[in-house]
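A.B. asks: this one's sequence-less:
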Ligand code: SF4
């Protein structure tokens, strides 16, 4: 219920006179047992109608390790797991979101994928469905009409072939209606696009229990590990007037006491300090606070921190990502140690005492001195605290270093790179643990087994569908939850099904290799991504789109589109 996409799509569908949209969530294992023991179907929570009785069942694909839950919900909802087994009586299974940028590991289970901003074609798809339903023609006829819409991918209409080394040889449409390339669709102007005037307010407290409000979409910073930064191009910004009007309506209609200004890099919104000040000035008397998700280090200003702490004090979350300047240049992070120290110094002078620092391990070209660099930055943050005047600084200090395992993702300059092996991750995690000397620093690391599986599915193909189905049958659920994740079962299944996990996760790809997701056109070209890959190896930076267009392909993708015309001033 914290997911912004669901908060947009639910009211968007329910505003249609002819549509009734409900929600359903994966039941925890105790509830699942009750459903299975009593042979009860999984239901939607508004009317308790079984999933199998709906026209459509849609999933948002946010994380590869949630895939077994999707298959399990189909099974619990009394819907045939595989598309080929569904009849006219069964719902159409649709899915969208970032993981739909490589939909192939789910190709056998989902009828229709949305590539890009679903809100662009969702209404058209429902209109098509209404017309088709009256015809009583077979499902395939509806799917053939659907692929005429931009951003719609029907996996059943394509056939992959493979080389003897296991790489993809070819990927061709097998029906004439299906396009060779599926072009993503995106909302042109967020100022005029549909945006809800109210939100569902959950009874229970949720992770993001507030108005999460999208101020712009896309990001032109070009961090080379970041999939969202490429997928959601071009950048489209709302005017501050649109933002203020829509937030005002949402606060009135929800009663929330916090606004989060969401985007991929909120500190980059032009005039963000003024916007925050205006919102804080307007809502402070109602005790409504304003917050920002994690901020780029070089976009944080003292004014912003001060404004945001007026109503409610929270920690500061920063993402240096890499421990040395060399590696930050390789990933095109474009921030320096000086930026970081200046920001934490400002934060300490404003009595912030809780600093979270996000890093990744296993980045391309990484050396041990880069890992040691993470500890070095943590120590410098602690030093900076103790160098801050005791009279102004917070009485206590907590520095958290979180180091995730890098997972190379499709549609990034690093899509060709091999992931570190699990042993190498464990070695580096231990190495960093030994390098961290301060007791003021808490250090969290990620389970490399989980990241290995995430990497398999992130760059996998439809030969992995049988693994997902077997995993669901073997009881794998909630794999993203450490107490539920059962690596040994996965390992056994991978062996039993003779799947080479290293082939998908830890193999360096050739420049010319055909990728399972190459049939999708997101605007950013493969040539541009490879060029960025090579620049990374040389440690060369690529400037921010707003400083200089780097010709990534987006402007050629949409006729007449000029990126700078969609920046607000
Ligand atoms: S076309 Fe240029 S300005 Fe637009 S997203 Fe690509 S690099 Fe950025």
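C.D. replies: Noted; the coordinates are in hand. Quick caveat: nothing in here was measured; it's all calculated off a predicted structure.
A.B. asks: Tell me the residues of this structure that contact the ligand?
C.D. replies: 220, 233, 234, 545, 549, 550, 551, 552, 554, 555, 563 (Cβ under 6 Å from any ligand atom). C-beta: built from backbone N, CA, C; applies to glycine.
A.B. asks: Can you name the residues that contact the residue lying closest to the fifth one once chain neighbours are set aside?
C.D. replies: So that's residue 549. Leaving aside its chain neighbours, residue 549 sits nearest to residue 563 (6.5 Å; criterion: Cβ to Cβ, 6 or more residues apart in numbering). Applying Cβ atoms under 8 Å, 6 or more residues apart in numbering, we find residue 563 in contact with 220, 234, 235, 545, 549, 554, 555.
A.B. asks: Drop anything exposed from these.
C.D. replies: Buried members of the contacts of residue 563, scored by 16 or more other Cβ atoms under 10 Å, are 220, 234, 235, 545, 554, 555.
A.B. asks: Looking at these, which one is closest to the ligand?
C.D. replies: The nearest member of the buried ones among the contacts of residue 563 to the ligand, counting by Cβ to the nearest ligand atom, is residue 545 at 3.2 Å.
A.B. asks: that's a helix at residue 12, yeah?
C.D. replies: Yes. Counting by DSSP: H, G, I helix; E, B strand; the rest coil, residue 12 is located in a helix.
A.B. asks: what's around it, how many residues?
C.D. replies: Around residue 12 there are 19 other residues, counting by other Cβ atoms under 10 Å.
A.B. asks: quick one on the thing from earlier: show only the entries of the contacts of residue 563 found in strands.
C.D. replies: Using DSSP state E, no member of the contacts of residue 563 falls in strands.
A.B. asks: got the residues you listed as CSV, with distance to residue 18 and pLDDT columns?
C.D. replies: CSV is the format used below for those (distance: Cβ to Cβ, whole Å; pLDDT from 0 to 100):
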residue, distance to residue 18, pLDDT
220, 39, 93
234, 33, 93
235, 34, 92
545, 40, 91
549, 43, 92
554, 35, 91
555, 37, 86
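A.B. asks: which residue packs closest to residue 288, ignoring adjacent ones?
C.D. replies: In space, and not counting its chain neighbours, residue 288 is closest to residue 257: 5.0 Å by Cβ to Cβ, 6+ apart.
A.B. asks: Look at that neighbour and report its pLDDT.
C.D. replies: Predicted confidence (pLDDT) for residue 257: 91.
A.B. asks: which residues touch it?
C.D. replies: The contact partners of residue 257, by Cβ under 8 Å, 6+ apart, come to 210, 286, 287, 288, 289.
A.B. asks: if we can go back for a sec, go through the residues of the chain next to the ligand and flag which are in helices.
C.D. replies: Residues of those located in helices (DSSP state H): 554, 555.
A.B. asks: from the contacts of residue 563, which is closest to residue 376?
C.D. replies: Ranked by distance to residue 376 (Cβ to Cβ), the contacts of residue 563 are led by residue 220 at 29.8 Å.
A.B. asks: which ones are touching the residue nearest to that closest one when sequence neighbours are not counted?
C.D. replies: Spatially, and ignoring its direct neighbours in sequence, residue 220 is nearest to residue 545 (2.7 Å; Cβ to Cβ, 6+ apart). Residue 545 makes contacts with 220, 221, 222, 235, 563, as judged by Cβ under 8 Å, 6+ apart.
A.B. asks: check contacts around the second one.
C.D. replies: Remark: with contacts taken as Cβ under 8 Å, 6+ apart, residue 221 is in contact with 229, 265, 268, 296, 332, 334, 544, 545.
A.B. asks: What residue in the protein is the furthest from its centre?
C.D. replies: In the chain, counting by Cα atoms, centre = their mean, residue 391 sits farthest out from the average C-alpha position, at 41.3 Å.
A.B. asks: and that one, what helix or strand is that in?
C.D. replies: Assigned by DSSP states H and E, residue 391 falls within no helix or strand.
A.B. asks: For it, give its distance to the ligand.
C.D. replies: According to Cβ to the nearest ligand atom, to the nearest Å, residue 391 and the ligand sit 46 Å apart.
A.B. asks: Quick check: pLDDT value at that residue.
C.D. replies: Residue 391 is assigned 92 on the pLDDT scale.
A.B. asks: try residue 294
C.D. replies: pLDDT, read off for residue 294, is 63.
A.B. asks: circling back to that earlier point, export the contacts of residue 221 to TSV and append columns for secondary structure.
C.D. replies: Listed next are the contacts of residue 221 as TSV, based on three-state DSSP:
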residue	secondary structure
229	helix
265	coil
268	helix
296	coil
332	coil
334	coil
544	coil
545	coil
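A.B. asks: hmm, which helix or strand of the protein has the shakiest average pLDDT?
C.D. replies: Using mean pLDDT, DSSP states H and E, helix 302-309 stands out as the lowest-scoring helix or strand of the chain, at a mean of 68.
A.B. asks: what does the strand or helix carrying residue 125 contact?
C.D. replies: Assigned by DSSP H and E, residue 125 belongs to helix 122-135. Residues external to helix 122-135 that are found in contact with it (Cβ under 8 Å, 6+ apart): 9, 12-13, 16, 18-19, 55-56, 92, 94, 112, 114, 141-142, 145-146, 149, 152.
A.B. asks: following it, which helix or strand comes up?
C.D. replies: helix 139-146.
A.B. asks: Show me what that following helix packs onto, helices and strands only.
C.D. replies: Counting contacts by 3 or more Cβ pairs under 8 Å, 6 or more residues apart in numbering; DSSP states H and E, helix 139-146 packs against helix 122-135.
A.B. asks: Please state the offset of the helix it packs on from the chain centre?
C.D. replies: In terms of Cα atoms, centre = their mean, to the nearest Å, the centre of helix 122-135 is found 29 Å from the chain centre.
A.B. asks: again with stretch 399-416
C.D. replies: Centre to centre, stretch against its chain (Cα atoms, centre = their mean), the figure for stretch 399-416 is 12 Å.
A.B. asks: residues in contact with the residue lying closest to residue 351 once chain neighbours are set aside?
C.D. replies: Residue nearest to residue 351 in three dimensions, not counting chain neighbours: residue 394, with 4.7 Å by Cβ to Cβ, 6+ apart. Applying Cβ under 8 Å, 6+ apart to residue 394 gives the contacts 348, 351, 352, 353.
A.B. asks: mind checking how far the first one is from the ligand?
C.D. replies: From residue 348 across to the ligand, the span is 35 Å (Cβ to the nearest ligand atom).
A.B. asks: and the next element down the chain from the helix or strand hosting that residue?
C.D. replies: Residue 348 belongs to helix 337-349 when elements are defined using DSSP H and E. Per DSSP H and E, the first helix or strand lying C-terminal to helix 337-349 is strand 354-361.
A.B. asks: between that following strand and helix 337-349, how big is the angle?
C.D. replies: Going by axes from the mean of the first three to the mean of the last three Cα atoms, to 10 degrees, strand 354-361 is angled at 160 degrees with respect to helix 337-349.
A.B. asks: list the buried ones in stretch 44-57?
C.D. replies: For stretch 44-57, a neighbour-count test (16+ other Cβ under 10 Å) marks 44, 50, 51, 52, 53, 54, 56, 57 as buried.
A.B. asks: Check stretch 414-433 too.
C.D. replies: Neighbour counts using 16+ other Cβ under 10 Å place 414-420, 422, 424-426, 428-429, 432 of stretch 414-433 among the buried residues.
A.B. asks: Now render the contacts of residue 545 as JSON lines, adding distance to residue 499.
C.D. replies: Converted to JSON lines, these look like this (distance: Cβ to Cβ, whole Å):
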{"residue": "220", "distance to residue 499": "38"}
{"residue": "221", "distance to residue 499": "36"}
{"residue": "222", "distance to residue 499": "34"}
{"residue": "235", "distance to residue 499": "39"}
{"residue": "563", "distance to residue 499": "41"}
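A.B. asks: Just give me the closest of the buried residues of stretch 44-57 to the ligand.
C.D. replies: Relative to the ligand, the closest of the buried residues of stretch 44-57 is residue 56; by Cβ to the nearest ligand atom it sits at 32.4 Å.
A.B. asks: ok, now which ones touch the residue nearest to that closest one when sequence neighbours are not counted?
C.D. replies: Excluding its sequence neighbours, the residue lying closest to residue 56 (Cβ to Cβ, 6+ apart) is residue 92, at 5.0 Å. Each residue near residue 92 by Cβ under 8 Å, 6+ apart is listed here: 55, 56, 57, 111, 112, 129, 139, 142.
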